[in-house]
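Novice: my questions concern the predicted model and sequence given below.
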2 protein chains.
Amino acid sequence: MGMRALGRRRREADRAHAKAEEIAALTGRPVSGTDNASAASRADVVLLSVPYAGHAALLTELRGALEGRVVIDITVPLQPPRVREVHLPPGQSAALEAQAILGPGVRVVAGLHHVSSVHLGDPEHALEGDVLVCSDDDAARALVMGLVGDLGMRALDAGVLRNAIALEALTPVLLHVNKKYKVEGAAIRLLGVGLSRSGD
Amino acid sequence: MGMRALGRRRREADRAHAKAEEIAALTGRPVSGTDNASAASRADVVLLSVPYAGHAALLTELRGALEGRVVIDITVPLQPPRVREVHLPPGQSAALEAQAILGPGVRVVAGLHHVSSVHLGDPEHALEGDVLVCSDDDAARALVMGLVGDLGMRALDAGVLRNAIALEALTPVLLHVNKKYKVEGAAIRLLGVGLSRSGD
């Protein structure tokens, strides 16, 4: 590893330590931080939350560390400044691009595209709406649906990974609705699918 | 016009007359039917409801008759038999393809992709869910939102026409949810956008 890469990993680790302390103080839970490659190689499940502009580069860098993991990709391929208009990336969806970069040894699951970051950052605000979860791997999809249930939200099985095209594309529409109707964090709910919080 | 085209228009008109009588009997409303080109040229607003396989051909045929009209395109580019997986058409969405075929003299509005045909065909069944409506023309979008309100559903402004990519792609996801959870006609509702039925 070159000096530049070492320096970047140290800066990543420093930022992650600081953020982990902040979250631990806020939640009273044990949280630790480290650089991306170390975090990826120690985890069973990795949640990837980066702006689309850095998505492919980060996945390419972490490809080795992510081998064998379940990767939850919540990326929406927004194209600033027109973030309220659907933009399809070259691979049709960020999640499909992730699976293509990471290869068949990584199980990519897409979901959580419609949870407002404003509400997510506010521990007092109950998270509303259903979380549509898709993957080509049934066990990985079920595992992530369970984690979503732990967040207190209803997870729904949204099918194969290519259905992430729909989930990702819906986010710019919700951003448009937010602006048009002067609200924050419009969420979606599926009607007619039963009332269980677990989605079974 | 050749003999084949004349024969087809006559068959279209015959089927339309029969269907109009059936709907009139069911609803007690005056309904009339005619061939597609005549209907298009007499209407202010045309609702296009055809399988995607016949979408481009029909629009090409009716291009002249539709000039100056508002066209509501509810087409979802499903690819049988895999109708529970998102399939993006060459033009990214059926509605964008319609606008490209019809040209700038026709105002294409996309919406009503998520209303269950099963529920729509049953006059006893209240229509649930929100109707997301998009168009590049503000007046045409508002007009169609008003018509949706007349159906007793809440219409929401979903922005520019290219946002139809998201609306169309969501239908295969809903078809997957229907099958997975053994329900009929799962619908969507946006939470956090107020309670008015008119969407204002």
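Specialist: Looks like it arrived, so ask away.
Novice: list the buried ones in the helix or strand of chain A with the lowest mean pLDDT?
Specialist: One helix or strand of chain A scores below all others by mean pLDDT, DSSP states H and E: helix A:117-120, with a mean of 75. Buried residues in helix A:117-120, counting neighbours by 16 or more other Cβ atoms under 10 Å in any protein chain shown, are found at A:H119. C-beta coordinates here come from the backbone N, C-alpha and C atoms, glycine included.
Novice: can you list contacts of it?
Specialist: A:H125, A:L127, A:E128, A:E184, A:G185 (Cβ atoms under 8 Å, 6 or more residues apart in numbering or on different chains).
Novice: for the following helix or strand past it, which strands pair with it and how are they oriented?
Specialist: Heading C-terminal from helix A:117-120, the first helix or strand you meet, by DSSP states H and E, is strand A:130-135. According to DSSP bridges, strand A:130-135 forms sheet pairs with strand A:107-110 (antiparallel), strand A:154-157 (parallel).
Novice: okay if I get those strands as a markdown table plus mean neighbour count?
Specialist: Output for those, formatted as a markdown table (neighbours: other Cβ atoms under 10 Å in any protein chain shown):
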| stretch | mean neighbour count |
| --- | --- |
| strand A:107-110 | 28 |
| strand A:154-157 | 24 |
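Novice: just give the nearest non-adjacent residue to A:L88, would you?
Specialist: Leaving aside its chain neighbours, A:L88 sits nearest to B:Q92 (6.1 Å; criterion: Cβ to Cβ, 6 or more residues apart in numbering or on different chains).
Novice: tell me the buried residues in the lengthiest helix in chain A?
Specialist: Scanning chain A for the longest helix, with DSSP state H as the assignment, gives helix A:3-27. By 16+ other Cβ under 10 Å, the buried positions in helix A:3-27 come out as A:R9, A:E12, A:A13, A:A16.
Novice: chain center to the least confident helix or strand of chain A, what's the gap?
Specialist: Distance of helix A:117-120 from the chain centroid (Cα atoms, centre = their mean, to the nearest Å) equals 13 Å.
Novice: for chain B, what are the nearby residues on chain A?
Specialist: A:84-86, A:88, A:92, A:128-129, A:132, A:134, A:156-160, A:162-163, A:165-167, A:169-170, A:172-174, A:176-177, A:180-181, A:183-194 (Cβ under 8 Å from any Cβ of the partner chain).
Novice: which of the residues you listed count as buried?
Specialist: Among the residues of chain A next to chain B, those that count as buried by neighbour count (16+ other Cβ under 10 Å) are A:84-86, A:88, A:92, A:128-129, A:132, A:134, A:156-160, A:162-163, A:165-167, A:169-170, A:172-174, A:176-177, A:180-181, A:183, A:185-190, A:192-193.
Novice: residues in contact with the closest residue to A:A187 other than its chain neighbours?
Specialist: Spatial nearest neighbour of A:A187, chain neighbours left out: A:G129 (2.8 Å); criterion: Cβ to Cβ, 6+ apart. By Cβ under 8 Å, 6+ apart, the contact set of A:G129 is A:H114, A:V115, A:M153, A:A187, A:I188, A:R189, B:L191.
Novice: what bridges to the fourth one?
Specialist: This points to A:A187. In beta-bridge terms (that is, DSSP bridges), A:A187 pairs with B:L191.
Novice: which residues does it contact?
Specialist: Residues near A:A187 by Cβ under 8 Å, 6+ apart: A:H114, A:V115, A:S116, A:E128, A:G129, A:D130, A:L174, B:L190, B:L191, B:G192.
Novice: possible to save the buried residues of helix A:3-27 as a markdown table with distance to A:A53 and pLDDT?
Specialist: Below are the buried residues of helix A:3-27 laid out as a markdown table (distance: Cβ to Cβ, whole Å; pLDDT from 0 to 100):
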| residue | distance to A:A53 | pLDDT |
| --- | --- | --- |
| A:R9 | 20 | 87 |
| A:E12 | 17 | 90 |
| A:A13 | 22 | 94 |
| A:A16 | 20 | 95 |
